[in-house]
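Asker: after the sequence you'll find the predicted model.
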Amino acid sequence: MILKQLKPISNLLKATKFWQENYIILREFKHLRKVALLALLFTLTAAAFEGFGVGFLLAFLQSLTDPQAQPIQTGIHWFDVWFLGINASNMERLYRVSALILVVTLLRTGFTYLGQVYSEIANHNLADRIRKKLFEQLQSLSLRYFAKTRSGELVNSLTSEVNQICHAFGITSFLVTRSSTLIAYVISMLLLSWQLTVISVMLFGLLSAAITTLLGRVREASFEWSKAGGWYASVALEFINGIRTVQAFATQDFERKRFYDASSQLKKAAIKGLAASASVEPLAEGGATAILVGILLLAFATLIPQQQIQPAGLLTFLFVLFRLMPIVRQINGSRAQISSFQGPLSSIKELLKTENKPYLIDGKLQFSGLERGIDFVSVDFGYDADNLVLHNVTLTITKGKTTALVGASGAGKSTLADLIPRFYDPTAGQILIDGIDLREFEINSLRRKLAVVSQDTFIFNASVRDNIAYGTENADEKAILTAAKLANAWEFIEELPEGFDTQLGDRGVRLSGGQRQRIAIARALLRDPEILILDEATSALDSVSERLIQESLEKLSQGRTVIAIAHRLSTIVRADKVVVLEAGRIVEQGQYNELLEQRGKLWKYHQMQHELGQVG
Ligand SMILES: Nc1ncnc2c1ncn2[C@@H]1O[C@H](COP(=O)(O)OP(=O)(O)OP(=O)(O)O)[C@@H](O)[C@H]1O
């Protein structure tokens, strides 16, 4: 009901520049409107009590300074008789008004507390919603986006910048609280002396304009600060993730310099931002004090001699003005803080925007299984528009057969394989599954039938069991054990301190390359995929590990459609089809022995590896 009546106000708000610039975040308030409205209601009630308090204070001061004067009245008869005691003695009035001041103060502080609590609830709910929105956004983006964006910047936005935004909205609601108190005070001041109020408002207006100029500098500094924060997080993350390489290449000094530079830049940007933001409050306070003194002198020189204001009125006016000063200071301080959050706010808004990001548009068809095969028809692909990595690739991957991709490093083998789970979409041409364009299938229904095994499989910070069962819902213990055994992983899992319960990843045991691969194979076996993409390990494994992995891969491949990226030809001798890629083009395809007989590209690779002793 109330919400409907607020519609014209919300329409007006939507027309403002502020709304249009911050729409992407403000729209989240739609889900928090009840809490936000309660916060506003409590805040306004607290401000109203602040105004009543001033009125009662005037009555109190009048009883003290001028007992003979006509008592101050509200015009509400029962209230004036019962609460203000207009018919009672001066002492009695003093007691009643004192009690009223006490009650009003208690109510004011109570409502201020409720206002603050509810606005904090709104802020934290907002931060929670934004964090989840960012997560959804990142999950729906194509891998193209991640290839171009620094992970440190993303981590910085997801952690520190979201918190800063939450803080910014906390400050905004504080600003609303203080502004409504300010309005209550200005109304009380107007009732006490409109002349003094007009002069005060004009002077404070001038002060505010001066401060606004200063806030421009704060805003600018905040952008630099946010940029430096993102860069620092990137450097820190790279240093931690690359610690092995750093140590192996003895590049500690280089990394130290990079880290120190990023940290110093962050320090400089932070100091610059804070110095600009901190200069606002002293300026506001100095200006406000000068205004207060000026008004005091003016009142004594003109209004009191002309009897335009009584001493009790002037005292109350000055009391209000005195209480107003910290409020004006706080309002300006909050404005400065809000300006300093413009940098993070703009990063988050940028991240939430949808129009400038690559998405994979989901299809509608459910993929229920492969019937014939996958066809690449004149497929071109480039990570960026003017740099094609695959050129005119036409290829058939037949159901139940193994298709091996061979070629020099950088030829485009992994890129070609990445198009099948739709990590990327072709720049031109089509990929057909049983004659239907891949893009028509719902992505997850397709990916559920597919598994990728590569050496850089991500091991999660979880138990061995959970790592194997990752991506397979409701996997039972027996199936996990069978998968681990078939993948030849059980032997080393058994040796781990807590077997299946051993924690892996960040905080747990680190696995060797071969062990990681066997976990990946077990994960894929449990998933029981129809289509299997095998990206063979490039690093040399010892002959025992290699034999174990080869053996488990053969078990995994049985009865499935396999796309194998091979570096050592020995692993694909038995493939049904071999596709040779060179600089993104298919240069040969056919059966292994037939291609060897043609003495073309595959034969050359074969010869080279034969010399190295990698094929028989
Ligand atoms: N995320 C990416 N962003 C931009 N370019 C990329 C990306 N990944 C790969 N490339 C480029 O695409 C080309 C093909 O790379 P791809 O990884 O497909 O080759 P590959 O044949 O699998 O190589 P390798 O055998 O070394 O794994 C390379 O020139 C590479 O630099």
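Answerer: Looks like it came in fine.
Asker: C-alpha only now, for contacts and for neighbours.
Answerer: Fine.
Asker: Val162 and the ligand: what is the separation?
Answerer: Distance of Val162 to the ligand, given as C-alpha to the nearest ligand atom, to the nearest Å: 27 Å.
Asker: do I have it right that that residue meets Ser346?
Answerer: No. Counting by C-alpha atoms under 8 Å, Val162 does not reach Ser346; the two are 11.0 Å apart.
Asker: tell me which of the two has more neighbours.
Answerer: Val162 (22 against 17; other C-alpha atoms under 10 Å).
Asker: on the pLDDT front, check the more buried one for me.
Answerer: With respect to pLDDT, Val162 has a value of 87.
Asker: do the same with Val615
Answerer: For Val615, pLDDT reads 54.
Asker: contact residues of this structure facing the ligand?
Answerer: Contacts of the chain with the ligand, taken as C-alpha under 6 Å from any ligand atom, map to Ala147, Tyr383, Val389, Ser409, Gly410, Ala411, Gly412, Lys413, Ser414, Thr415.
Asker: state the pLDDT value of the second one.
Answerer: At Tyr383, the predicted lDDT confidence score is 88.
Asker: same check on the first one?
Answerer: Ala147 is assigned a predicted lDDT (pLDDT) of 80.
Asker: what is the subsequent helix or strand relative to whatever helix or strand it lives in?
Answerer: Per DSSP states H and E: Ala147 is located in helix 143-148. Sequence-wise, the next helix or strand downstream of helix 143-148 (DSSP H and E) is helix 151-156.
Asker: possible to save the residues of the chain next to the ligand as a markdown table with neighbour count and secondary structure?
Answerer: Formatted as a markdown table, the residues of the chain next to the ligand follow (neighbours: other C-alpha atoms under 10 Å; DSSP: H, G, I helix; E, B strand; the rest coil):
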| residue | neighbour count | secondary structure |
| --- | --- | --- |
| Ala147 | 10 | helix |
| Tyr383 | 19 | strand |
| Val389 | 19 | strand |
| Ser409 | 12 | coil |
| Gly410 | 13 | coil |
| Ala411 | 20 | coil |
| Gly412 | 23 | coil |
| Lys413 | 26 | helix |
| Ser414 | 16 | helix |
| Thr415 | 18 | helix |
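Asker: among the residues you listed, which one sits closest to Val104?
Answerer: Set against Val104, the nearest of these by C-alpha to C-alpha is Ala147 (60.3 Å).
Asker: how near is the closest one to Phe239?
Answerer: Applying C-alpha to C-alpha, to the nearest Å, the value for Ala147 to Phe239 is 18 Å.
Asker: next up, phi/psi of Thr181, please.
Answerer: Here is the backbone geometry of Thr181 (degrees, to the nearest 10): phi -60, psi -40.
Asker: contact partners for it?
Answerer: Leu44, Ala46, Ala47, Ala48, Glu50, Gly51 (C-alpha atoms under 8 Å, 6 or more residues apart in numbering).
Asker: what's the closest of these to the ligand?
Answerer: The closest of the contacts of Thr181 to the ligand turns out to be Leu44 (C-alpha to the nearest ligand atom; 53.8 Å).
Asker: next, count neighbours for the closest residue in space to Gln550 that isn't next to it in sequence.
Answerer: Distances taken as C-alpha to C-alpha, 6 or more residues apart in numbering place Thr571 nearest to Gln550, at 7.6 Å, with adjacent residues excluded. Number of residues near Thr571 (other C-alpha under 10 Å) recorded here: 18.
Asker: and if you look at Leu419?
Answerer: Leu419, neighbours per other C-alpha under 10 Å, totals 17.
Asker: so what's the backbone phi/psi at the closest residue to it other than its chain neighbours?
Answerer: Leaving aside its sequence neighbours, Leu419 sits nearest to Asp425 (C-alpha to C-alpha, 6+ apart; 6.2 Å). Per-residue torsions, Asp425: phi -110, psi 150 (degrees, to the nearest 10).
Asker: just Val587 next, same as before
Answerer: Torsion angles, degrees, to the nearest 10, at Val587: phi -110, psi -20.
Asker: just to revisit the earlier point, show me the contacts for the residue nearest to Leu419.
Answerer: Residues near Asp425 by C-alpha under 8 Å, 6+ apart: Leu360, Phe381, Leu419.
Asker: mind listing the strands for this structure?
Answerer: With strands called from DSSP state E, the chain shows them at 373-384, 387-398, 402-407, 428-433, 436-437, 450-454, 531-535, 561-565, 577-582, 585-590.
Asker: redo those strands as TSV? Include distance to Val198.
Answerer: Below are those laid out as TSV (distance: least, C-alpha to C-alpha, whole Å):
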stretch	distance to Val198
strand 373-384	62
strand 387-398	67
strand 402-407	82
strand 428-433	70
strand 436-437	72
strand 450-454	74
strand 531-535	77
strand 561-565	80
strand 577-582	81
strand 585-590	79
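Asker: where are the low-confidence patches of the stretch 201-350 of the chain?
Answerer: 304, 307 (pLDDT under 70).
Asker: coming back round to it: reformat the contacts of Thr181 as a markdown table; add neighbour count and pLDDT.
Answerer: Converted to a markdown table, those look like this (neighbours: other C-alpha atoms under 10 Å; pLDDT from 0 to 100):
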| residue | neighbour count | pLDDT |
| --- | --- | --- |
| Leu44 | 23 | 84 |
| Ala46 | 28 | 86 |
| Ala47 | 25 | 80 |
| Ala48 | 18 | 82 |
| Glu50 | 23 | 79 |
| Gly51 | 24 | 74 |
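Asker: show me how far the helix ranked longest in the chain is from its chain's centre.
Answerer: For the chain, the helix with the greatest residue count under DSSP state H is helix 90-140. Its chain's average C-alpha position is 27 Å from that of helix 90-140, according to C-alpha atoms, centre = their mean, to the nearest Å.
Asker: please parse this structure into its domains.
Answerer: As assigned by automatic domain parsing, the chain contains the domains 27-352, 373-611.
Asker: distance to Lys17 added to the ones you listed, as JSON lines?
Answerer: Putting these into JSON lines (distance: least, C-alpha to C-alpha, whole Å) gives the following:
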{"stretch": "domain 27-352", "distance to Lys17": "14"}
{"stretch": "domain 373-611", "distance to Lys17": "35"}
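Asker: what's around Arg510, how many residues?
Answerer: 13.
Asker: check Met202 too.
Answerer: 12.
Asker: ok, it to Asp528 distance?
Answerer: Met202 is 76 Å from Asp528, by C-alpha to C-alpha.
Asker: nearest residue to the residue in the stretch 201-350 of the chain that the ligand sits nearest to in space, please, no chain neighbours.
Answerer: Taking C-alpha to the nearest ligand atom, the ligand has its nearest neighbour within the stretch 201-350 of the chain at Glu238, 16.8 Å off. Spatial nearest neighbour of Glu238, excluding adjacent residues (C-alpha to C-alpha, 6+ apart): Gly152 at 7.7 Å.
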